[in-house]
Each structure stands twice: as C-alpha cells, then as structure tokens.
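Participant: Here is a sequence together with a model predicted from it:
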Amino acid sequence: MTVRLKTLKKCACVYMALPLFAFIAGWLRLPAALISGAAALAGLTYAIRSAAGEERRMQIGAWELAALILVVLLWTYLGGLNGLFYQSSDWNWRNAVYHDLIDRAWPVVYPEKGSALSYYIGFWLPPALLAKLAGAMGGAVWAWRAARMALWLWAALGLTITILMLMLWAAADTKGRRAAVALTFVFFSGLDVVGALLSGRLALVTAPETLHFEWWMPDGKQYSSITTCLYWVFNQSIVSWMAVMLFLCEKDERNYVFIALSCLCCGPLPCVGLAVCMVVRCGQRLLRSFRAGEGHRAFQAVFSPGNLIALIVVIPLGLYYLSNMAVTHTAGSALPLMTRLGNYFLSRSFWAFFVLEAGIWLALLGWEHRREALFYGVAVSLLIIPFFHLGASEDFCMRVSIPCVMILTAWCARYFCTRPAVRAMSRRARLRFAAVLAAFVIGAATPCMEIYRGIYHAVTEKTIRLAQDGIGSIASLEKSENFTAENYDKSAFFRFFGIND
C-alpha cells in the first residue's frame with residue numbers, strides 16, 4: 001500500500017487540533033470560544049490545504065504496517081498506558097488529573113480549595129470525552145475502564161502517525177530501513193549509563209526500587225529519552241514529537257503558528273523548545289530569501305493567513321498556563337540568570353552532562369547539518385536549557401529539551417537510512433558509522449531499563465496490575481503547586497476568557 005506524506009500531515013493536523021478544540025469548548029466562555037474556535041478551525045483548514053502539495057510517498061506492506069502498530073501497542077502497554085501493567089511513580093499524578101477530567105465538570109475547579117486545574121491537560125481531553133460518554137451510559141466503573149483503553153489507543157494512534165512521518169522524512173525506502181527508523185525512535189538516548197558510571201551513582205540508579213538511568217545527575221537534570229518521556233510524561237511528549245515532525249517536513253513557515261499552538265495545548269514547555277527551533281530556521285530562510293531577492297515571498301510565508309489567524313488562540317491558552325502556581329511562584333524566586341550561568345560553566349558535572357546527553361550526538365550527526373541554522377539552534381538550546389528553572393523540580397530542563405531530542409533522533413534515523421553500504425564507505429566514513437552505532441547501542445541501555453523496570457516489578461510482584469492510582473484527585477493533595485491556579489477567579493484567564501460560574 002502507498003503511504004503519502006500529505007495524508008499523514010493531514011491526519012497529524014487533525015490529531016493535534018482535537019485537544020485544542022476540546023479545550024476551547026470546555027474552558028472558554030461562549031464569545032471567546034466562538035472566536036477562538038473559528039480561528040483554530042481556520043488555522044487547521046489552512047494547514048490541511050497546504051499539505052496537498054506534498055508529493056513524498058512510500059510503499060509499505062499491509063503486514064509491515066500491522067507489525068508496526070502491534071509494536072507500538074506493546075511499547076505503550078509496557079509503559080502502563082492502559083492501566084494493566086506497571087506504571088512509573090509519576091502516574092499517581094497523571095491518573096489523578098485524568099480522573100478529575102472525567103469525573104468533574106469542565107473547566108475543572110476545586111471550590112473546597114479555591115483553586116482550578118491549570119496543567120498540561122490537552123492530550124487527555126479527547127479520550128476523557130469518550131470516557132465521560134461511557135460513564136453516562138454505564139457508570140463510574142465503566143467510565144474509568146473506557147478511559148484507560150481510550151488513552152492507550154489514542155497514544156498508539158499518535159505514535160504510529162509520528163513514526164510513519166519519520167520514515168518518510170528519513171527516506172526509509174526499504175523494509176530494513178523502516179525497521180531501523182522504528183528502532184531508532186524507540187531506543188535513541190543520551191549515554192546515561194556512562195554518566196552513571198562516571199558519577200559513581202550506578203548502584204543507585206540500578207537499585208530495584210529505582211531502575212532508572214536518567215537520574216544519574218545529582219541535581220536531577222536530564223534530557224529524557226523518547227521511551228522515558230513516553231513512560232513518564234506521555235501527555236507532554238506525543239503531540240510534541242508529532243509537531244516536530246510536521247515542522248521538519250514543512251517547506252516554509254506558513255503553518256508554524258498552528259503547529260506551535262497545537263503543541264502548546266498539550267505541552268507548553270516543549271512548545272518553548274520548538275518555538276526556538278522555528279525562529280532559528282525562519283531566520284535562516286528569511287536571510288537566504290533576501291539574498292536571492294525574494295524577500296517578499298518569505299514574508300508572505302511568515303505572515304500567512306494561517307499564522308495570523310492562529311495567533312488569536314495563543315492569548316487565552318497562554319494565559320491559562322500562566323495562571324499555574326508554579327509559574328507565579330517561580331517568577332519572584334528564580335536565581336539571577338548570570339549567577340546560574342557562572343555556576344554551571346564552572347561545573348565539571350554540567351559539562352559531563354552536556355557531552356554525554358547531547359554533545360556526542362551533535363558531533364557525530366552534525367556533519368550533514370553543519371550548514372543548517374537549526375543545527376546550531378539545537379546545540380545552543382541544549383547548552384543553555386539547564387540554566388533555567390521553573391517550579392519545584394527540573395521540569396524546564398527535562399521538558400523544554402523534548403523537541404531538540406526528537407530532532408537528534410530524526411537526524412540519527414536519517415543517517416542510518418541514507419548512509420551508503422559499509423563496503424562502499426571510505427575509512428573515515430566507516431569509523432564514523434562505527435562511532436554512531438556504538439553510541440546508539442550504549443545509549444539504548446536507558447530505554448531498555450525503562451522497559452525492563454515494568455517487567456521486573458511484574459515478575460517480582462507476580463501481577464501485571466501495578467497501576468499507580470493512589471491519589472484519586474488533585475483536590476486530595478495538600479500541596480498542588482504544579483497542577484493548579486491559586487485564587488483562580490482573580491487570574492487573567494478566568495477573569496476575561498475562562499468559564500467562571
């Protein structure tokens with residue numbers, strides 16, 4: 001069967017837009033909802049129409065596609081996305097948010113605490129709607145069962161679309177190359193196991209109660225692998241990966257705002273990283289266009305109707321996230337940037353972190369991309385992201401880096417697909433291939449550990465029912481800084497845009 005990039009781009013646009021429309025319908029007052037909904041629909045329509053000019057395609061067998069879907073379903077199952085296998089500790093909070101989206105009216109408000117849910121809820125909204133419908137017909141028990149199954153299938157659908165787009169972008173024109181792309185997507189990572197050895201924390205991160213290589217840095221910083229993000233923060237990651245692939249596949253900037261807006265709905269921190277990449281690539285294209293005497297065409301792409309109209313929705317969505325307590329509390333307590341810069345540049349642990357998590361991959365994959373501004377944008381982003389802090393943990397470092405890690409993953413997949421046969425390589429090219437392959441294999445220890453952790457607990461505890469669902473509701477938390485807006489009715493979002501009964 002023929003898989004066309006234009007079809008995948010249309011599917012991706014609709015997939016990313018559904019959470020946005022659900023948020024607009026469930027959180028905004030009628031006037032704001034009508035205006036924002038019309039703007040989002042216009043942006044979606046413009047993006048779908050612009051995808052019609054894509055000619056890239058690939059032939060893939062029905063059994064090959066079925067095998068890919070089964071692998072994705074197994075991969076997500078082992079991460080606990082249907083609630084019938086081991087879930088990492090962060091799922092306590094993920095499930096609590098999901099429960100509230102299903103059991104409570106939208107927008108989710110906690111009147112007993114004078115607060116409202118202000119979190120990265122977008123990814124849950126489409127499956128939560130299905131669960132609400134199941135609950136109306138069969139009660140709370142059926143609602144939660146439907147919710148877990150809907151979340152699993154929703155995630156698997158998004159990942160399948162993303163991997164197929166990556167295959168097309170990486171020019172994977174054979175079964176072997178398509179398999180290499182899928183394996184790269186699942187197992188790409190920084191060299192965390194080396195960091196654990198050098199830091200002396202190997203025993204700690206491999207202890208039965210941990211089994212998590214990403215925690216080798218004493219201060220908790222990490223550039224999470226693809227599998228790590230899926231098993232811990234799928235709600236922020238899946239749409240962000242899809243947005244990155246749309247960004248890489250775009251010929252110009254005419255849909256950048258719609259792509260970033262869809263990413264913002266599900267992951268505001270990854271959206272920051274993606275926006276930086278967009279600005280860098282846009283700047284290079286503008287410069288080239290002016291040099292070629294075609295500056296007017298570049299401006300037409302940047303200020304396209306799709307970009308200008310979609311900007312309308314950024315205002316209420318941005319204000320919703322700015323109402324989060326982690327943002328308001330961090331604003332007055334963050335260390336001065338220059339002090340943080342100085343501390344890190346003088347730290348050996350920081351340079352070890354950068355080299356092992358990003359520097360090695362930038363050095364190995366940078367040759368083909370050295371003339372692209374995006375390469376330097378990714379490099380500088382990964383260099384300075386750890387200097388910033390938001391909230392009670394290292395979320396800024398871990399999540400703003402998601403698009404950059406995805407771009408490195410895509411570059412690695414493309415390298416594996418486009419390199420010549422080993423016999424036809426020069427000696428230098430063979431050495432480079434050996435280095436890339438060795439780095440990939442060593443880095444794969446991180447996602448392997450993520451997969452192994454669930455299997456280990458299932459075997460030792462002799463059950464697959466290891467869901468982390470002990471909180472029940474965000475309202476039950478004594479402190480919920482990362483999840484709520486304090487005195488929400490006084491925030492700009494609820495005063496001017498949000499439903500506030």
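Facilitator: Thanks, I have the structure now.

Participant: Now for Ala33: which residues touch it?
Facilitator: When contacts are counted by Cβ atoms under 8 Å, 6 or more residues apart in numbering, Ala33 touches 24-25. Using the backbone N, CA and C atoms, a C-beta is placed for each residue, glycine as well.

Participant: meant to ask about Gly114
Facilitator: With Cβ under 8 Å, 6+ apart, Gly114 has these contacts: 486-488.

Participant: so how far is Asp489 from it?
Facilitator: As for Gly114, its distance to Asp489 is 8 Å (criterion: Cβ to Cβ, to the nearest Å).

Participant: got it, and Val400?
Facilitator: Counting by Cβ to Cβ, the gap from Val400 to Asp489 is 30 Å.

Participant: So those two - more neighbours on which side?
Facilitator: Val400 (26 against 13; other Cβ atoms under 10 Å).

Participant: Pull out the buried residues from the helix or strand harbouring Thr76.
Facilitator: In this structure, Thr76 sits in helix 62-78 according to DSSP states H and E. Neighbour-count burial for helix 62-78 flags 68, 71-73, 75-78 (criterion: 16 or more other Cβ atoms under 10 Å).

Participant: quick one on the thing from earlier: what I need now is the contacts of Gly114 written out in CSV, including pLDDT, neighbour count and distance to Ala172 for each item.
Facilitator: Formatted as CSV, the contacts of Gly114 follow (pLDDT from 0 to 100; neighbours: other Cβ atoms under 10 Å; distance: Cβ to Cβ, whole Å):
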residue, pLDDT, neighbour count, distance to Ala172
Glu486, 88, 18, 49
Asn487, 87, 13, 52
Tyr488, 90, 23, 47
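
Participant: now the helices for the stretch 201-350 of the chain?
Facilitator: Listed in chain order, the helices of the stretch 201-350 of the chain (DSSP state H, counting those that start in this stretch) span 202-205, 226-249, 256-266, 268-291, 295-302, 305-322, 325-330, 337-345, 348-354.

Participant: and for the fourth one, what are the contacting residues?
Facilitator: Just to be clear, that refers to helix 268-291. Contacts to helix 268-291, defined as Cβ under 8 Å, 6+ apart, come from residues 120, 236-237, 240, 243-244, 247, 252-253, 256, 259-260, 263-264, 295, 297-299, 301-302, 318, 321, 372-374, 376-378, 381, 385, 390, 395-396, 399-404, 407.

Participant: same question, the last one
Facilitator: Helix 348-354 is touched from outside by 195, 198-199, 217-219, 221, 344, 382-383, 386, with contacts defined as Cβ under 8 Å, 6+ apart.

Participant: Considering the residues you listed, which member attains the minimum pLDDT?
Facilitator: Across the contacts of helix 348-354, the smallest pLDDT goes to Tyr344, namely 63.

Participant: any chance you could map the strands in this structure?
Facilitator: Along the chain, the segments classed as strands by DSSP state E run 2-4, 57-59, 109-110, 115-117, 484-486.

Participant: The ones you listed into JSON lines, with extra columns for distance to Phe350?
Facilitator: Shown next, in JSON lines, are these (distance: least, Cβ to Cβ, whole Å):
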{"stretch": "strand 2-4", "distance to Phe350": "43"}
{"stretch": "strand 57-59", "distance to Phe350": "41"}
{"stretch": "strand 109-110", "distance to Phe350": "39"}
{"stretch": "strand 115-117", "distance to Phe350": "35"}
{"stretch": "strand 484-486", "distance to Phe350": "32"}
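
Participant: wait, Ser88 sits on Gly80?
Facilitator: Yes: counting by Cβ atoms under 8 Å, Ser88 touches Gly80, with 7.2 Å between them.
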